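S.K.: please work out how this folds:
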Amino acid sequence: MSFGFRIMVKGNYACFTRPEMKVERVSYDVPTPGALEGMLKSVYWKPAIKYVIDKIIVFNSIEFLNVRRNEVKEKLLLSNLKKSMRGERVDLSIYTDVSRNQRASMILKKVCYGIEFHFELTKVKNDKEQNSENKHYNIIKRRLINGQYFRVPCLGCSEFPVTSIMLLDEFDLNLISDSILKAGDVDLGYMSYKVVFDDKGIPINNNWENPVFSDCASTIYYRPHMINGIIDVQKYREGLKC
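M.R.: Alright, predicted model coming up:
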């Protein structure tokens, strides 16, 4: 039995931030596999599985939009949130007049991607059932068909939610934009593949009830080509660079 899926994802805006741009956000031309894995985890995730992106298809022409947004430079402390949950009086406010930070962003607009992916067992908190792979497969399939998620799936940034996710049997390559097809073979240069945390998803205190995870991480890069709108991610997986 195959445990792979094909989905078409659409959104009004997207931003897959280039890490070399330290102040202003500038998006890559195409999604990173790590960002798409994060989007899928919003639909369904368990420590027992990991998503693997096999292919990305860019259907719409690549268009950028420059925007300027007000952001805040601070975030709520987890320790304060825990105190509040215990009933302690804690100020959980962020005062925008004090912490406002205006930043420019170069984002993508009117995006549509085809994503081919599969999942693998991680051997972390695995189910004891023999057919655990079938169980995860059926849950993922049902949630994709019904449009279910536990957190709104986004395209790179939480401000840019996915507008639709459709589960497909096959991709209709005739829908790929003429401008993408005319570009032919495009060298996308070195791109972020994903961010890998040192703890590999396992609590460093070995306590799943009150887990403590590592903040240390490394970015893995790869150098893909987009050929007629198709990025064959699995083809480049062996050449990943840290």
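S.K.: show me the helices in the chain, by range?
M.R.: Ranges of helices in the chain, per DSSP state H, are 33-43, 78-85, 96-99, 132-146, 178-183, 233-236.
S.K.: which among the ones you listed is found nearest to Pro203?
M.R.: Nearest to Pro203, of all the helices of the chain, is helix 78-85, at 14.6 Å by CB to CB. All C-beta atoms are positioned from the backbone trio N, CA, C, and that covers glycine.
S.K.: buried ones in the longest strand anywhere in the chain?
M.R.: Secondary structure assigned by DSSP state E gives strand 100-121 as the longest strand of the chain. By neighbour count with 16 or more other CB atoms under 10 Å, strand 100-121 contains the buried residues Ser105, Met106, Ile107, Leu108, Val111, Cys112, Tyr113, Gly114, Ile115, Glu116, Phe117, Phe119.
S.K.: now swap in stretch 20-30 and tell me
M.R.: Along stretch 20-30, these residues count as buried under the neighbour rule (16+ other CB under 10 Å): Arg25, Val26, Ser27, Tyr28, Val30.
S.K.: just the ones of those in strands?
M.R.: When DSSP E defines the strands, the subset of these inside them is Arg25, Val26.
S.K.: and the furthest pair within the buried residues of stretch 20-30?
M.R.: Between any two of the buried residues of stretch 20-30 (CB to CB), the greatest distance is 15.9 Å, for Arg25 and Val30.
S.K.: in the helix-or-strand element of the chain with minimal mean pLDDT, what's buried?
M.R.: Counting by mean pLDDT, DSSP states H and E, the weakest-scoring helix or strand in the chain turns out to be helix 96-99, with a mean of 79. Across helix 96-99, burial judged by 16+ other CB under 10 Å covers no residue at all.
S.K.: CA atoms of that helix as CSV?
M.R.: Extracted C-alpha coordinates of helix 96-99, given in CSV (Å, rounded to 0.1, in the frame of the first residue of the first chain):
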residue,chain,number,x,y,z
THR,A,96,2.2,47.9,20.7
ASP,A,97,3.0,51.6,21.3
VAL,A,98,6.1,50.5,23.1
SER,A,99,7.2,47.5,21.0
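S.K.: what residues does that helix touch?
M.R.: The contact list for helix 96-99 (CB atoms under 8 Å, 6 or more residues apart in numbering) reads Asn70, Val72, Lys73, Glu74.
S.K.: kindly report the same for stretch 225-242.
M.R.: In contact with stretch 225-242 (CB under 8 Å, 6+ apart) are residues 30, 33, 52-59, 173, 176-177, 180-181, 183-188, 190, 193, 218-224.
S.K.: do the same with stretch 70-81
M.R.: By CB under 8 Å, 6+ apart, stretch 70-81 touches Val90, Asp91, Leu92, Ile94, Thr96, Ser99, Arg100, Asn101, Gln102, Arg103.
S.K.: could you dump the residues you listed into a markdown table with distance to Gly11 added?
M.R.: Formatted as a markdown table, these follow (distance: CB to CB, whole Å):
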| residue | distance to Gly11 |
| --- | --- |
| Val90 | 36 |
| Asp91 | 35 |
| Leu92 | 30 |
| Ile94 | 27 |
| Thr96 | 26 |
| Ser99 | 28 |
| Arg100 | 26 |
| Asn101 | 25 |
| Gln102 | 24 |
| Arg103 | 20 |
